[in-house]
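Trainee: what's the 3D shape of this:
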Amino acid sequence: MAVYIKKGLEHSKLKDLGYVFSISEGGFISADGATIVNIYRAPYQRMVNQYRADAQAEHLKNVDILKSIDAIETEF
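Mentor: Residues are numbered from 1 along each chain as shown. I've put the predicted structure just below:
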């Protein structure tokens, strides 16, 4: 199941969580390198994806944190 960041989410919220913008990836990468929040890369805009192949547990924790700050889209 795809996970999406809310439309219009302030990018500062991601920065506050330690995410760093990567211009080459078109999105914000978590401090642990497990998760990417795609902002500009088509066709993945707003998708929250696992970034590092061996980091499923860390990625799921990051998704839970994003849910806890109400950053995840619940309806499409």
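Trainee: and for Lys67, the neighbour number?
Mentor: 13 (other CB atoms under 10 Å). C-beta: built from backbone N, CA, C; applies to glycine.
Trainee: same deal with Asp16?
Mentor: Neighbours around Asp16, by other CB under 10 Å: 10.
Trainee: next, it: phi, psi?
Mentor: phi -60, psi -30 (degrees, to the nearest 10).
Trainee: where's it relative to Leu66, distance?
Mentor: Using CB to CB, to the nearest Å, Asp16 is found at 12 Å from Leu66.
Trainee: also Asp54?
Mentor: 20 Å.
Trainee: cool, Leu9 as well?
Mentor: Where Leu66 is concerned, Leu9 sits at a distance of 9 Å (CB to CB).
Trainee: what about the two, which has more around it?
Mentor: Neighbour totals were compared for Leu9 and Leu66, and Leu66 leads with 23 against 18 (other CB under 10 Å).
Trainee: give the contact list for the more buried one.
Mentor: Neighbour list for Leu66: 5, 17, 37, 48, 72 [criterion: CB atoms under 8 Å, 6 or more residues apart in numbering].
Trainee: can you tell me the SS state at it?
Mentor: Following DSSP: H, G, I helix; E, B strand; the rest coil, the label given to Leu66 is helix.
Trainee: find the nearest non-adjacent residue to Val37, please.
Mentor: Phe28 (4.6 Å; CB to CB, 6 or more residues apart in numbering).
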